[in-house]
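> Structure for this input, please:
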Amino acid sequence: GSSWDKCDFETNLCKALPEFNLHPGWIRRNGQSGMGPPYSDHSGNENGYFSSNLADPAQYEMQSSPAALRTNVFLPTDEVHICQIRFHYWVSQMSGTLMVGLQKHCEDTVTNIWQVSGEVRNQWNVNTATINSTEKYEV
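Sure thing, here's the model as predicted:
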């Protein structure tokens, strides 16, 4: 059977993102925060919360140090237990790259499994990344 963990930032910062507070570039906000677009979450709810990366060079040194959201540890995948991570994302003015990386616990490096560099702007998009790993891993 399949099991889903849903994280929508409505009640908290998501148990899957324990390092959220260690990365000052990411905040939890909604469309009525007065911080510019998006003005609603992906379902059109103005009060709906999402995480937002404030890549403002005046506030953060984002160019040199990427801001990351790291999941908790997932168990290895196999033929029966596959893992898919589905996420909604919004790109406004972006000079950098939004990417999804995979870090296996046997490796020090993060492998890039998906990325976007701002070609579809000012609308919510959705993507599903499928993950295969014989080791425990984080995303």
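> So in terms of bridging, what pairs with residue 115?
residue 99 (DSSP bridges).
> Quick check, it in contact with residue 127.
No: using Cβ atoms under 8 Å, residue 115 is not in contact with residue 127; the gap is 10.2 Å. The C-beta positions use only the backbone N, C-alpha and C, and glycine is treated the same way.
> neighbour-wise, which of the two wins?
When neighbours are counted by other Cβ atoms under 10 Å, residue 115 and residue 127 differ, and residue 127 comes out ahead with 13 against 10.
> gap between the strand or helix carrying that one and the chain center?
Assigned by DSSP states H and E, residue 127 belongs to strand 124-131. Per Cα atoms, centre = their mean, to the nearest Å, the displacement of strand 124-131 from the mean C-alpha position of its chain is 10 Å.
> Direction included, what does it pair against?
Strand 124-131 has these strand partners (DSSP bridges): strand 83-90 (antiparallel).
> Name the residues of the strand it pairs with that are buried.
The neighbour-count check on strand 83-90 (16 or more other Cβ atoms under 10 Å) flags 83, 85, 90 as buried.
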